[in-house]
Each structure stands twice: as C-alpha cells, then as structure tokens.
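Enquirer: Need the 3D shape of this:
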Amino acid sequence: IITNISKRQNIKNLLQIAAAYGCPTIFVVGQKKFEFDPDAVGTDIPPMLQNVVRSGKMDIVRFDKLEECVKHIDCEMKAADTNNALSAKPTIPIIGVEIDPSSRNLEEEPFTTSVAFMMGNEGSGMTTKQMSACDGFIRISQYGGGTASLNVSVAAGLVMHRFFHWSRGDAVKKYCDIEE
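Expert: Sure, this is the predicted structure:
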C-alpha cells in the first residue's frame, strides 16, 4: 500500500522494488501528484515498468481514502479466496512496517499468508489512521548506535526480500511434500 509518501523518487523506488519481487498488485491511496497511468504524457511510472503495468503483470489500484483501500482488501480479496470467505481473520492482512511495542521482528519471518505491506512516511512514520488500519506490525532490527530509521524504499526492499524468500520456501515445501 503506497500512501503518505512524500518524495516522488521513493514512490518510483517502491514500484521498482514491488516489481522486482513479483508483487502482482499495488494499492495506492491519495498520491494525487504522481501519475500512475503508464500511457499518460508525463507518466511517473519508471520506463522499465511501463510495459509491466500495461500488460497487467502489475496492477495498480487507486483509492482516494485509506478506508476505501482497507475495505477493498478486506472484502474483495476475501471474496476471491473462497476457502476463507467466512473467516473472521482478514484473508490478506495489512502489516505495517513500524517500530511499535507490538511489532514482530522481520527476522522471525512472521508471515502466514499473502500480505499487504504499508510503509510509514519518510519523516514522520505511520499516522494514527495508518496504524489503526493495520492488522499487525513488523520491525526491522538495527544493531548500530545510530537512529532507528531507514529510508522508506530501503526498508521496503528489506521487507519484500524477506517475504519473497519466506514465500518461496513455503512453496518449495508444498511442492516437495516436505513436512516440518
């Protein structure tokens, strides 16, 4: 979920990172100054991703408000997954990347299903509204003595990389019929 990101270059980087890890859908809330139409004159979609978006390999779904995006993820995605249609838990949980007392460590790979990740703003982190939309949080452990902050696209890259390897391992286990 791309929302409340101030810098145009960070939005471009987030799109490139999502594409690099095979993310099929990007949810965008607001971000009205960024042109997400790959065919528009002056598009902000990086040139190397324009055909990816045009071909439907990466879908960009826009919303005006975060509540609309959350409802879409909860309702539409749940409807697409008939196995979990009656589950009380969200089919696609929204996981915020934020330093919070309830955050789980990314290194623990706390994933159980597909996830919609939401990053915080470059300067101020996640808003209260963003945090209340999340079903859980993860944090990226840092071991240096500096500030506990990373560039939003660097943080997203770390999260997507870890998730990709978790999901690939899960898929390999299923394919090879390996039980733990």
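
Enquirer: Tell me where this structure has strands.
Expert: 25-29, 59-63, 94-97, 104-105, 116-119, 136-139 (DSSP state E).

Enquirer: any chance of these in TSV, plus distance to Lys12, mean pLDDT and mean neighbour count?
Expert: For glycine as for every other residue, the C-beta is placed from the backbone atoms N, C-alpha and C. Compiled in TSV, those are given as follows (distance: least, CB to CB, whole Å; pLDDT from 0 to 100; neighbours: other CB atoms under 10 Å):
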stretch	distance to Lys12	mean pLDDT	mean neighbour count
strand 25-29	12	95	20
strand 59-63	13	95	16
strand 94-97	18	95	23
strand 104-105	29	92	13
strand 116-119	14	95	24
strand 136-139	23	94	20
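
Enquirer: Over to stretch 95-115 now: how far is its first residue from its last?
Expert: End-to-end span of stretch 95-115 (CA to CA, to the nearest Å): 7 Å.

Enquirer: How about stretch 32-51?
Expert: This stretch, stretch 32-51, spans 22 Å end to end (CA to CA).

Enquirer: what pLDDT, on average, does it get?
Expert: The average pLDDT for stretch 32-51 rounds to 94.

Enquirer: coming back round to it: distance to Ile2 for the strands of the chain - can I get that in CSV?
Expert: Putting the strands of the chain into CSV (distance: least, CB to CB, whole Å) gives the following:
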stretch, distance to Ile2
strand 25-29, 5
strand 59-63, 9
strand 94-97, 13
strand 104-105, 22
strand 116-119, 8
strand 136-139, 17
